[in-house]
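Undergrad: pasted the sequence and its predicted model underneath.
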Amino acid sequence: MKIIAIIFSILLFFSHVSNALSISSGETAPPFTLSSSEGKTLSLSNYKGKVTVIIFWRTDQKRSLLALQDAQNILGNLKGKDVSVISVIGEKETMDEAKKILADNTMDFPLLIDSDRQLYGEYGIRVFPTTMVIDKEGLLVDSIPSHPASYRLKLNGYIKKALGEIDEAGLESMLHPQKEVTDGDMLEATRLYNLSLKFVEMRMYDQAIESAANSIKAKPDMAKSHILIGYLYMEVDEADKALAAFDKALELSPESHDAQTGRGSALLMKGDVDSAIKILDKAALANPYPQKTYYELGKAYEIRGDKDKAVEMYKKAFSKIVKKHILPSSLSRCQ
């Protein structure tokens, strides 16, 4: 009987993960009115006409924090669009801790408390965190249980669909891309990309830029070519061209840490120190190769005149045992 109970529990768990809500996509999201951590009362109706992301989370979970950070990152790329994020916790006694987590991570999401678990029950929340995207008409677009590796890709796709930027077919293509067929254009683009890297190693930057540009012509949707040419443009002091290249790379690959770091570096080169620090801070948090990012942050804080912070960032860069390169280590062949 114990074995049967264990098996049942496992099956039940996976059932909950695959179906984290009691409402389905396309259904009207149940209305709610909850108190915020600031003592205000907020309702779902306050967000009518906007795309609304609701994140049910817990303060004692790493994956909950990751979901909030990813939402913050995506929201930063959607300025000027009608998208709002609401965070919801169920335990009133964790409110102070939740407020501290949001403040420490510079997140200004409204923090709502569902201490009676009414909202949790109406939506059928079974997994933490659970993220929902609700469109401007109040209909559920889709939900994301837990924090899978595809979280940012899914959240970005669901928001784009809610905004009307892509349809169902576009979303499907975004979430489940076909395996790219190796063709002449792809082979040529890759050859030119690798040739550009060779020129970088020889410090022949004009030839490297030419090869990277030809790689883009051969395969315009290969994000890494745009990233490469962006860093090369910075090396020859072409900040505007670099920024355009990184913006295109982020359009093709929103989760690219290298493109985010490059964009911050280009903004710094243009003298926009505050914007540079903001995007570099975000890039450093999630980047598995943060050496270049920390180095650029050091430069930014040095320009701002914050010597202590600059030294801290430089130390973080040097602690990775990486010298300054014009390319981050995930692009170049340095270790």
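TA: Received it, and whenever you're ready, just let me know what you need.

Undergrad: C-alpha from now on. contacts and neighbour counts both.
TA: Fine.

Undergrad: hang on, residue 257 packs against residue 283?
TA: Yes - with contact defined as Cα atoms under 8 Å, residue 257 reaches residue 283; the gap is 5.8 Å.

Undergrad: which is the next helix or strand following the lowest-mean-pLDDT helix or strand in the chain?
TA: In the chain, no helix or strand scores lower on mean pLDDT, DSSP states H and E than helix 2-18, which sits at a mean of 41. For helix 2-18, the following helix or strand on the C-terminal side (DSSP states H and E) is strand 33-36.

Undergrad: which strands or helices does that following strand pack on?
TA: On a contact count with 3 or more Cα pairs under 8 Å, 6 or more residues apart in numbering; DSSP states H and E, strand 33-36 meets strand 41-43, strand 111-113.

Undergrad: strand partners of the first one, parallel vs antiparallel please.
TA: Applying DSSP bridges to the sheet, strand 41-43 is found paired with strand 33-36 (antiparallel).

Undergrad: tell me the average confidence for the strand it pairs with?
TA: Averaged across strand 33-36, the pLDDT comes to 92.

Undergrad: please identify the buried residues of it?
TA: Across strand 33-36, burial judged by 16 or more other Cα atoms under 10 Å covers 34, 35, 36.

Undergrad: nearest to residue 118, of those residues?
TA: residue 34 (9.7 Å; Cα to Cα).

Undergrad: so what sits opposite the closest one in the bridge?
TA: Beta-bridge partners, per DSSP bridges, of residue 34: residue 42.

Undergrad: pretty sure residue 113 is one of the things it touches, is it not?
TA: Yes - using Cα under 8 Å, residue 34 is in contact with residue 113, at 6.5 Å.

Undergrad: residue ranges in the chain under the pLDDT threshold?
TA: 1-21, 178-183, 286-289, 320-335 (pLDDT under 70).

Undergrad: at 80 what do you get?
TA: The model of the chain has pLDDT under 80 over residues 1-22, 176-184, 283-290, 317-335.

Undergrad: these two touch, right, residue 108 and residue 102?
TA: Yes - counting by Cα under 8 Å, residue 108 touches residue 102, with 6.9 Å between them.

Undergrad: who's more crowded, these two?
TA: Comparing residue 108 with residue 102 by other Cα atoms under 10 Å, the one with more neighbours is residue 102, at 18 against 13.

Undergrad: so of the helices and strands packed on strand 33-36, which one's packed in deepest?
TA: When the helices and strands packed on strand 33-36 are scored by mean count of other Cα atoms under 10 Å, the highest mean neighbour count falls to strand 111-113 (a mean of 23).

Undergrad: next one: the next helix or strand after that strand to chain centre, how far?
TA: Note on strand 111-113: by DSSP H and E, the next helix or strand toward the C-terminus is helix 118-123. How far helix 118-123 lies from its chain's middle: 28 Å, per Cα atoms, centre = their mean, to the nearest Å.

Undergrad: any buried residues in helix 118-123, and which?
TA: By neighbour count on 16+ other Cα under 10 Å, the buried set for helix 118-123 is 119, 120, 123.
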